[in-house]
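Visitor: Requesting a structural model of the entry that follows:
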Amino acid sequence: MRKSAGLMAVAALVAGATVASSAVATAATGRLRSVSGDGGNRIGIVQGNGDANVKEGGLSAPWVLESGNVKQVVLAGDRIGVLEDNGVAWVKEGGLSAGWVRESANVKQLALSGNRIGVVQGNGVAWVKEGGLSAGWVQQTGNVTDLELSGNRIGVVQGNGEAYVKEGGLGAGWVNEAGDVKRIRLSGNRIGVLKGDGGAFVKEGGLSAAWVDEAAGVVQLELSGNRIGVLKDQGQAYVKEGGLSAGWVDQAGNVIQIALSGNRIGVVKDDGVAWVKEGGLSAGWVEEASRVTELAFS
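Guide: Next comes the predicted model:
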């Protein structure tokens, strides 16, 4: 794994030629993992050459090269996680130049939230640890295709399309939430599911709260705080703010990925360029980077 020797601003690397839009689209809309955050000030990207870069602070802050040969970057608080092409997951805690800790091998998905780290291994078994980076793993369940962490909640989708969520300790019991699910999303006391037919549903409150039908024709669903974002199958991104029945605000077209965190909204366009806005839903966009295959927020 190539680890950064220090705070290396790599704006020049970020501004290179774009990859083929079809390859970016496959990477972005085919993802299993969440890319949204919980109001942090970090932005991460993976580029077409496998470089993972992270910035901290304002939207015009410089990029710092974190690692190479990366296929997933995950941000949560002051933690950064990367999943390498070879299936090894690493996490660092603290500043952008902190040292990496090897977490697990044979990983196909990495998830972070607070002081929890989760992985899904190649055999479909999900594991979660709580506490320091060297804490012990606790097995959660098998046959997992999607894993999500938020606060003291853990959500999974299994190979048969059943979605389950637990709340509390790592040994808490699972609650069946929905069937025919492709993706699950958690944020605070909200749970979202993306169904096999493209329907997006969100509930708020306890694990047995009622579902609200949010949108149809959806290929990506993201949650952060009181915002919900969807990417429609024709490439249009929409965000709503407030209650589950609030109205949608059109954000951008030709989009292959959307991400949310606090008052930030990010999109990756089909030309591989990542844009982020901060503030209200009608705020102006700031161009962040090109050749982007994945955008993630803390």
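Visitor: Residue 67 pairs with what?
Guide: On the basis of DSSP bridges, residue 67 is bridged to residue 3, residue 52.
Visitor: any idea how far it is from residue 83?
Guide: From residue 67 over to residue 83 the distance is 10 Å, taken as Cβ to Cβ, to the nearest Å. Every C-beta, even on glycine, is put in place using the N, C-alpha and C of the backbone.
Visitor: for residue 264, same thing?
Guide: 23 Å.
Visitor: Which one's more surrounded, those two?
Guide: Using other Cβ atoms under 10 Å as the criterion, residue 264 and residue 83 rank with residue 83 on top: 26 against 23.
Visitor: In a strand, the more buried one, correct?
Guide: Yes. Residue 83: assigned to a strand according to DSSP: H, G, I helix; E, B strand; the rest coil.
Visitor: Low-confidence stretches in the stretch 1-150 of the chain?
Guide: For the stretch 1-150 of the chain, residues meeting the criterion pLDDT under 70 lie at 1-32.
Visitor: can you give me the helices in it?
Guide: Counting by DSSP state H, counting those that start in this stretch, the stretch 1-150 of the chain has helices at residues 11-14, 21-29.
Visitor: I'd assumed residue 241 was in contact with residue 227.
Guide: Yes. The pair residue 227 and residue 241 qualifies as a contact (Cβ atoms under 8 Å) at a distance of 5.1 Å.
Visitor: The two: which has the busier surroundings?
Guide: Between residue 227 and residue 241, residue 227 has the larger neighbour count (other Cβ under 10 Å), namely 22 against 17.
Visitor: Now for that one: which residues touch it?
Guide: Neighbouring residues of residue 227 by Cβ atoms under 8 Å, 6 or more residues apart in numbering: 239-241, 260, 265.
Visitor: Quick check on it: phi, psi?
Guide: Here is the backbone geometry of residue 227 (degrees, to the nearest 10): phi -110, psi 150.
Visitor: got it, and residue 262?
Guide: With angles defined as degrees, to the nearest 10, residue 262 sits at phi 60, psi -120.
Visitor: Pull the number of nearby residues for the closest residue to it other than its chain neighbours.
Guide: Distance criterion Cβ to Cβ, 6 or more residues apart in numbering; nearest residue to residue 262, sequence neighbours excluded, is residue 39 at 3.1 Å. Close neighbours of residue 39, defined as other Cβ under 10 Å, add up to 13.
Visitor: Which one (most neighbours) among the contacts of residue 227?
Guide: Neighbour counts for those (other Cβ under 10 Å) peak at residue 265, which has 29 neighbours.
Visitor: Right, I'll leave it there.
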